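S.K.: Okay, structure incoming, though there's no sequence with it:
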Ligand code: RFL
């Protein structure tokens, strides 16, 4: 039975069939799918709308994810504005090697900054589909998740009062540091992997220095170059985990990028002001299963994937499609199949991407590990990509997320 929705501003307890905790790509996509089927839901978000519309993060979106957004009426701006990426380049031992994945497979990547996607999703959810959303909430608490009538409460930023919401399902889409992670029962299995490296994540006010993504595999450490727009480029530099960004002044950053991404036949990188500089420790985790009573996890709340393989937002969207569709089937037609199979259907792709991330991490970090044996096998792996069509095809399938499943 579906509970009738109420006004989110009402002081008395509110009722929504679904409460979605977190307005990232996962939560907003679930919300949009529910609203398209006229299922009421309430999204609770700790940050402001302006903040989530500007928070810089992902850029690379896989083709199947874009098609999934398109089928749900959520990709109009993306399809108009995203860049298509068809090749990437590896640089090692002073040489550069192009990997033309569209030529090999017929598939490409889309590049569309995450803040633009979030802006599109929040506008469609709140302004077009009339979805309820509360920004700036504090101290979200979840209760009765093992019952079929859970409740969610939060501190309302305007009144300072605790607001109570009755619901049937809670979608935990609040990222890797949200509240839903903290209420998991003991039966939750959390698998963790620490790569033991950090990445200095940089955004530079500088035009891209290559027409494709570039991966520099260098004895001093990995470096990455990714166009974000004609004016802004994302760069990464491998660094010790927990390093202080202040250890990386402008001159040091650019000297390391020039060295690690250098190639004999290429001019130096175009330098510019650094507008973001933060150290990310590379670690992953997976929560299994992704469903506990009436709490259903999606996206980074269930599985954190370090940006090594640019997969996190893609997985968040995959979960959100399955969760949104499953909730609609159940709440509008009483069919539980999608929800019952939700966790297993997500985890197949999650583990596949985790494995690729681990494989790629060795390629990126092996030569700088200080271990001559790992450095040798890393270079053998890299050369194989450009010498063996079978190795190239296998890499392309993982890189593009096109493996049959
Ligand atoms: P998000 O985006 O973290 O959204 C969660 C939302 O929940 C809110 N929140 C709460 N709300 C209510 N109550 C609470 N207690 C709450 N606690 C938190 C947060 O404010 C936030 O708005 O999770 P979601 O939706 O699962 O999406 C995941 C993606 O954001 C993430 O996987 C990607 O950004 C990862 N990632 C990349 N993924 C890709 O697929 N391709 C890429 O190219 C790519 N590049 C990246 C990345 C992540 C990066 N960083 C910063 C880790 C590059 C970087 C640098």
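M.R.: That came through, no problem. Note that this is a predicted model, so its numbers are computed, not measured.
S.K.: Contact residues of the stretch 151-300 of the chain facing the ligand?
M.R.: Taking CB under 6 Å from any ligand atom as the contact definition, the stretch 151-300 of the chain meets the ligand at 173, 174, 175, 178, 179, 201, 280, 299, 300. To be clear about C-beta, it is placed using only N, CA and C from the backbone, and glycine gets the same treatment.
S.K.: Swap in 5 Å and give it another go.
M.R.: 174, 175, 178, 179, 201, 299, 300 (CB under 5 Å from any ligand atom).
S.K.: Most neighbours among the residues you listed, which one is it?
M.R.: residue 299 (33 neighbours; other CB atoms under 10 Å).
S.K.: That one against residue 26, yeah?
M.R.: Yes - with contact defined as CB atoms under 8 Å, residue 299 reaches residue 26; the gap is 3.1 Å.
S.K.: Identify the contacts common to these two.
M.R.: 173, 316, 319, 320 (CB atoms under 8 Å, 6 or more residues apart in numbering).
S.K.: Looking at the residues you listed, spot the one nearest the ligand.
M.R.: residue 316 (3.7 Å; CB to the nearest ligand atom).
S.K.: which residue packs closest to the closest one, ignoring adjacent ones?
M.R.: Distances taken as CB to CB, 6 or more residues apart in numbering put residue 299 closest to residue 316, at 3.3 Å, once the chain neighbours are dropped.
S.K.: which phi and psi does the residue of the stretch 101-250 of the chain at minimum distance from the ligand have?
M.R.: Closest to the ligand within the stretch 101-250 of the chain is residue 175: 2.7 Å, counting by CB to the nearest ligand atom. When read as degrees, to the nearest 10, the backbone of residue 175 gives phi 70, psi -170.
S.K.: measure it to residue 45 for me?
M.R.: According to CB to CB, to the nearest Å, residue 175 and residue 45 sit 11 Å apart.
S.K.: shared neighbours, those two?
M.R.: By CB under 8 Å, 6+ apart, the residues touching both residue 175 and residue 45 are residue 22.
S.K.: Now do the same contact list for residue 325.
M.R.: Residue 325 makes contacts with 33, 338, as judged by CB under 8 Å, 6+ apart.
S.K.: Can you point out the helix or strand that includes it?
M.R.: Using DSSP states H and E, residue 325 sits within helix 312-333.
S.K.: Averaged pLDDT, that helix. What do you get?
M.R.: For helix 312-333, mean pLDDT is 98.
S.K.: Next: stretch 177-196.
M.R.: Stretch 177-196 comes out at a mean pLDDT of 92.
S.K.: And for it, what's in contact with it?
M.R.: Residues contacting stretch 177-196 (CB under 8 Å, 6+ apart): 21-22, 140-142, 145, 170, 172, 174, 241, 281-289, 292, 295, 297, 301, 306, 308, 354, 358, 361, 365.
S.K.: can you rerun that using 6 Å?
M.R.: Here stretch 177-196 makes contact (CB atoms under 6 Å, 6 or more residues apart in numbering) with 21-22, 140, 142, 172, 174, 282-288, 292, 301, 361.
S.K.: in the helix holding residue 325, what counts as buried?
M.R.: Of the residues in helix 312-333, 312-331 count as buried by neighbour count, 16 or more other CB atoms under 10 Å.
S.K.: Let's verify residue 335: helix, strand, or coil?
M.R.: Taking DSSP: H, G, I helix; E, B strand; the rest coil as the rule, one finds residue 335 in the coil state.
S.K.: for the protein, longest helix please?
M.R.: Scanning the chain for the longest helix, with DSSP state H as the assignment, gives helix 342-365.
S.K.: Please list the residues outside that helix that contact it.
M.R.: By CB under 6 Å, 6+ apart, helix 342-365 touches 195, 197, 222, 284, 286, 289-291, 303, 305, 308-309, 311, 315, 318-319, 322, 326, 378, 381, 398.
S.K.: between that helix and helix 312-333, what angle do the directions make?
M.R.: Here helix 342-365 runs at an angle of 170 degrees relative to helix 312-333 (axes from the mean of the first three to the mean of the last three CA atoms, to 10 degrees).
S.K.: And the following helix or strand past helix 342-365, what's buried?
M.R.: Per DSSP H and E, the first helix or strand lying C-terminal to helix 342-365 is helix 372-387. Residues of helix 372-387 classed as buried: 375, 378, 379, 381, 382, 385 (neighbour count, 16+ other CB under 10 Å).
S.K.: Contact partners for the fourth one?
M.R.: Right, residue 381. Residue 381 touches residue 363, counting by CB under 6 Å, 6+ apart.
S.K.: How many residues are close by the nearest residue to residue 258 once chain neighbours are set aside?
M.R.: Using CB to CB, 6+ apart and skipping the chain neighbours, the partner closest in space to residue 258 is residue 268 (5.5 Å). Using other CB under 10 Å, residue 268 has 11 other residues around it.
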